[in-house]
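Undergrad: sequence first, predicted model second:
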Amino acid sequence: MSVLEAIEVGAPPRTPLPVHPREWLAMLWRRRLVVVVTAALVLGAAWARGFERAPVYRSTPVHLEIVSDGARIATISDVFHRQSVTSVALNTQVELIRSRRVLHAVHSEIAGLADRLPYARFVEAVHVESIRGTLLVRIWVESPIAHGNAEAANAIADKYADVIQSHAEQRHGRIAGELERREDAAREALAAVDAELAAWRETNAIADPASEREKLELVVGRLEVRCVESDISAVRFQRAADQISTAEAPHDSPEVVSDAGYSAVTELIARLAQERIALLREFRETRPDVQVVDDQLAFLERRRSALVPLIVARVEDAARDANEESRRLVELRDAKRDELRKVADLEVELANMEERRAGRRSDVGELVAQREKLQGALGFGLTPVVIWERAREEAIPHGGDRQGNIGVAAVLAAILAALAALACDRWSDVLRTRADAERETALPVLGSVPHVRGRRRRRDRLVVDRPESAAAESVRFLRLSIEHAMASQGTGRRLLVTSPRDGDGRTSTAVHLAAALAADGADVRLVDADLRAPRLHDIFGLDRSPGLAEACESEDPAHAPSPEGWPEGLAVLTAGAASARPADGLVADRATAILGERERGWTIVDAAAACTTSHAAAIARHVDSVLMVVRSGRTTTRDLGEALERFAAIGVPVLGIVVTDVRG
């Protein structure tokens, strides 16, 4: 991801929430102005609220029950009042007590109350509170009036009871009318069902479809049995006829043999055959007797052969009769089935009408019972509000607990101030730590310089005057980081030091870095390229002219003297005389020659702010890399993104970032 992609200008802040107490303290110190203003506003409002111009008198509370369970008849009370609970919420009743209908009527009815207490103040003086877990409500009045608060509280309770009683009577009247209307409609529906049932009975001749259905089911069952038996007989006769007609010896078939006539002839033939055998054994010479027996046997054989066709015809007739009987029984069974279905439909239709009539009768009975209960409740005159305790006057005035209020306000002010500071710090796009800079830019933070107290001139010489200080050590660490970064990236030693805006510490950083490099034995040239507001000549005690501006306009070598009191090897090229168009000289070829005259050593260029002028971008073409300086608690991500975009547009690499004025 590139630098430009990493910076989202105007994006929501991504500052992490403080976790450690030290982080909270640092955040509160950064936003101390917000903390002070917020706490002052809260405490001032609490102090102004705590002033009370007059003593306040309070009545004891009126205790009333919105829904009474202490009525004379518990069952009717439950029917009446529990219905009220489900229809009107307790909070709604509390709002009704504080409504204009109740309070304005009480304020007008109590004599002299309107003169002593305006209506707006009276509304503020009335307090209504419901007791959690019960249906009890407390009403009391707290006002500057010494006498009359209890009277007003009792009047409010009485007026509310009247309003609720009126609402209950109106509601019961509406309910009674609605029940009566529904009862009439239910009776009309019952009469219509009775008329429909009578017309049905006149139309249909069957008085009892259920018994008729049972009879038909019995008949159909019997017909089913007979159909099965007839089918069996028809199949048996048809099978016998087929066997006789297809047999090679029909007289040997079971149906023929089992015939009575055929059996009788067969028995006679058998006896005559036995007689013939006997005659042949006894009277072998008497041929006439044997002849008579033979003639009889021949006659009986012819007679038995003649019986076979008759038996076959009789079997076939029986098969046809059995089939005809089966068909007739099936038709009769189907007819009875159709009749049974019609009777079943009539039975269902009758049952539906009976069920509808029973439902209408039940509706009528339920509505009559509800109406009777409602009439019973109205007859006993139950009230939905019971006043258990009346209000009394308290002669001792009550003042405001100013100290307690201020104590609570102090705690609240501390909490709100901390939240306000956290919100401002959370939603601020100001960079505060090196972690913020790395997260917002994806560039390496080469170093951070802590906050240094004292005058500017002393702060500019801290590397020379206080080499053992933490700030001087941070500058030396910055020098090592820059050398390592240049070595790893392979860039030259011409470094441009700039910042997004003025006042970010770029000149001090350039001076400290140049002094640290020179103190380490390096040959360093420090160039002041801020031609509109140069500072190097003041820091080092040199003349402003001749300097960079004159060197860019002439062919002579640039004059860079070594200041006194600074490490050897440090040469300073001041900005030179002021010019109407200073950027023109910075883009000239002579500027490249000036910055590139040194073959060895370092060239540190102190440029103007990148977001306010074009000087930094103009001279950046003549250096190898850019060091971006941001100030903790001052530089915003928007300004930093704009500055980096300018250098990216001209293709100059940014070596890294330095965070200055780091506190804590």
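TA: On my side now, so go ahead. As the structure is a prediction and not an experimental result, all values here were calculated from the model. Numbers count the residues shown, from 1 in each chain.
Undergrad: contacts and neighbour counts: CA atoms only from here.
TA: Will do.
Undergrad: find the nearest non-adjacent residue to Val94, please.
TA: Leaving aside its chain neighbours, Val94 sits nearest to Val128 (6.8 Å; criterion: Cα to Cα, 6 or more residues apart in numbering).
Undergrad: tell me what that neighbour is bridged to.
TA: Beta-bridge partners for Val128, by DSSP bridges, are Ile139.
Undergrad: my guess is it contacts Leu136, does it?
TA: No. Applying Cα atoms under 8 Å, one finds Val128 not in contact with Leu136, separated by 10.8 Å.
Undergrad: these two: who's more crowded?
TA: Neighbour tally, Val128 and Leu136, criterion other Cα atoms under 10 Å: the higher count belongs to Leu136, 21 against 17.
Undergrad: the more buried one is in contact with Pro61, isn't it?
TA: No. Counting by Cα under 8 Å, Leu136 sits too far from Pro61 to count as a contact (11.4 Å).
Undergrad: which SS class is His104?
TA: helix (DSSP: H, G, I helix; E, B strand; the rest coil).
Undergrad: now swap in the one 4 residues further on and tell me
TA: What three-state DSSP gives for Ser108 is helix.
Undergrad: same question, Asp543
TA: Under three-state DSSP, the three-state class of Asp543 is coil.
Undergrad: shift numbering so it begins at 35
TA: Yes, from this point I'll number from 35; that puts the last item at Asp577.
Undergrad: quick check: closest non-adjacent residue to it.
TA: Excluding the flanking residues, the one nearest Asp577 by Cα to Cα, 6+ apart is His571, at 5.9 Å.
Undergrad: name all residues that make contact with Glu350.
TA: 271-272, 275 (Cα atoms under 8 Å, 6 or more residues apart in numbering).
Undergrad: show me where the stretch 85-234 of the chain has strands.
TA: Along the stretch 85-234 of the chain, counting by DSSP state E, counting those that start in this stretch, strands occupy 91-92, 96-99, 160-164, 170-177.
Undergrad: could you list the paired strands of the shortest one along with their orientation?
TA: In other words, strand 91-92. strand 170-177 (antiparallel).
Undergrad: could you pull up the mean pLDDT of the strand it pairs with?
TA: Mean pLDDT, strand 170-177: 86.
Undergrad: over to stretch 305-313?
TA: For stretch 305-313, the per-residue pLDDT values average out at 77.
Undergrad: list the buried ones in it?
TA: Neighbour counts over stretch 305-313 (16 or more other Cα atoms under 10 Å) mark 306-307, 310, 313 as buried.
Undergrad: kindly export it (C-alpha atoms) in PDB.
TA: In PDB, the C-alpha atoms belonging to stretch 305-313 read as follows (Å, rounded to 0.1, in the frame of the first residue of the first chain):
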ATOM      1  CA  ARG A 305     -75.200-105.300 -12.600                       C
ATOM      2  CA  LEU A 306     -76.100-106.500 -16.100                       C
ATOM      3  CA  ALA A 307     -72.400-107.100 -16.800                       C
ATOM      4  CA  GLN A 308     -72.200-109.200 -13.600                       C
ATOM      5  CA  GLU A 309     -75.300-111.200 -14.700                       C
ATOM      6  CA  ARG A 310     -73.900-111.800 -18.100                       C
ATOM      7  CA  ILE A 311     -70.700-113.100 -16.600                       C
ATOM      8  CA  ALA A 312     -72.700-115.400 -14.300                       C
ATOM      9  CA  LEU A 313     -74.800-116.700 -17.200                       C
END
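Undergrad: residues contacting the residue nearest to Val419 when sequence neighbours are not counted?
TA: Leaving aside its sequence neighbours, Val419 sits nearest to Ile100 (Cα to Cα, 6+ apart; 4.8 Å). Ile100 is in contact with 124, 127, 169-171, 418-420, counting by Cα under 8 Å, 6+ apart.
Undergrad: at 7 Å instead, please
TA: Ile100 sits next to 169-170, 418-420 when contact means Cα atoms under 7 Å, 6 or more residues apart in numbering.
Undergrad: any chance of CSV for those residues, columns distance to Ile190?
TA: Listed next are these as CSV, based on distance: Cα to Cα, whole Å:
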residue, distance to Ile190
Leu169, 17
Leu170, 15
Pro418, 16
Val419, 13
Val420, 13
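Undergrad: pick out the most distant pair among those residues.
TA: With distances taken as Cα to Cα, the most widely separated pair in the contacts of Ile100 is Leu170 and Pro418, at 12.2 Å.
Undergrad: what's the separation between Glu203 and Ser596?
TA: Noted for Glu203: a distance of 106 Å to Ser596, by Cα to Cα, to the nearest Å.
Undergrad: so these two - more neighbours on which side?
TA: The neighbour comparison of Glu203 against Ser596 (other Cα under 10 Å) goes to Ser596, with 19 against 15.
Undergrad: mind listing the strands for the stretch 335-484 of the chain?
TA: So, for the stretch 335-484 of the chain - with DSSP E, counting those that start in this stretch - the strands run 420-423, 479-484.
Undergrad: weakest of those strands by average pLDDT?
TA: strand 420-423 - the lowest mean pLDDT of these, at a mean of 80.
Undergrad: which parts of that strand are buried?
TA: By 16+ other Cα under 10 Å, the buried positions in strand 420-423 come out as 420-421.
Undergrad: and it, what does it pack onto?
TA: Helices and strands touching strand 420-423, by 3 or more Cα pairs under 7 Å, 6 or more residues apart in numbering; DSSP states H and E, are strand 96-99.
Undergrad: which elements pack onto the strand it packs on?
TA: If contacts are counted by 3+ Cα pairs under 7 Å, 6+ apart, strand 96-99 sits against strand 170-177, strand 420-423.
Undergrad: send me it as PDB with only the CA atoms.
TA: What follows is strand 96-99, C-alpha atoms only, in PDB (Å, rounded to 0.1, in the frame of the first residue of the first chain):
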ATOM      1  CA  VAL A  96     -52.500  11.000  49.700                       C
ATOM      2  CA  HIS A  97     -52.500   7.200  49.200                       C
ATOM      3  CA  LEU A  98     -55.000   5.900  46.700                       C
ATOM      4  CA  GLU A  99     -55.500   2.600  45.000                       C
END
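Undergrad: who touches it?
TA: 169-174, 187-188, 419-425.
Undergrad: can you do 8 Å?
TA: Outside strand 96-99, the residues that touch it by Cα under 8 Å, 6+ apart are 169-174, 187-188, 191, 419-425.
Undergrad: and Ala340, how many neighbours?
TA: Counted with other Cα under 10 Å, Ala340 comes out at 12.
Undergrad: kindly apply the preceding question to Asp640 instead.
TA: Around Asp640 there are 28 other residues, counting by other Cα under 10 Å.
Undergrad: same check on Val326?
TA: If you count neighbours by other Cα under 10 Å, Val326 ends up with 12.
Undergrad: run the chain-centre distance for stretch 207-219.
TA: Put simply, stretch 207-219 sits 44 Å off its chain's centre (Cα atoms, centre = their mean, to the nearest Å).
Undergrad: closest to Leu67 out of the contacts of Ile100?
TA: Nearest to Leu67 among the contacts of Ile100, with distances taken as Cα to Cα, is Leu170, at 49.3 Å.
Undergrad: could you find the closest non-adjacent residue to that closest one?
TA: Closest residue in space to Leu170, ignoring its immediate chain neighbours: Glu99 at 4.5 Å, by Cα to Cα, 6+ apart.
Undergrad: hey, what's that neighbour bridged with?
TA: Applying DSSP bridges, one finds that Glu99 bridges with Leu170, Val420.
Undergrad: tell me the spacing between Leu147 and Thr543.
TA: 78 Å.
Undergrad: who has more neighbours, these two?
TA: Per other Cα under 10 Å, whichever of Leu147 and Thr543 has more neighbours is Thr543, with 23 against 18.
Undergrad: in a helix, the more buried one, correct?
TA: Yes. Counting by three-state DSSP, Thr543 is located in a helix.
Undergrad: about what we covered before: let's have the buried residues of stretch 305-313 in CSV, adding secondary structure and distance to Val657.
TA: Formatted as CSV, those follow (DSSP: H, G, I helix; E, B strand; the rest coil; distance: Cα to Cα, whole Å):
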residue, secondary structure, distance to Val657
Leu306, helix, 156
Ala307, helix, 154
Arg310, helix, 159
Leu313, helix, 163
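Undergrad: next, the contact list for Gly603, please.
TA: Contacts of Gly603 by Cα under 8 Å, 6+ apart are 552, 555-558, 596.
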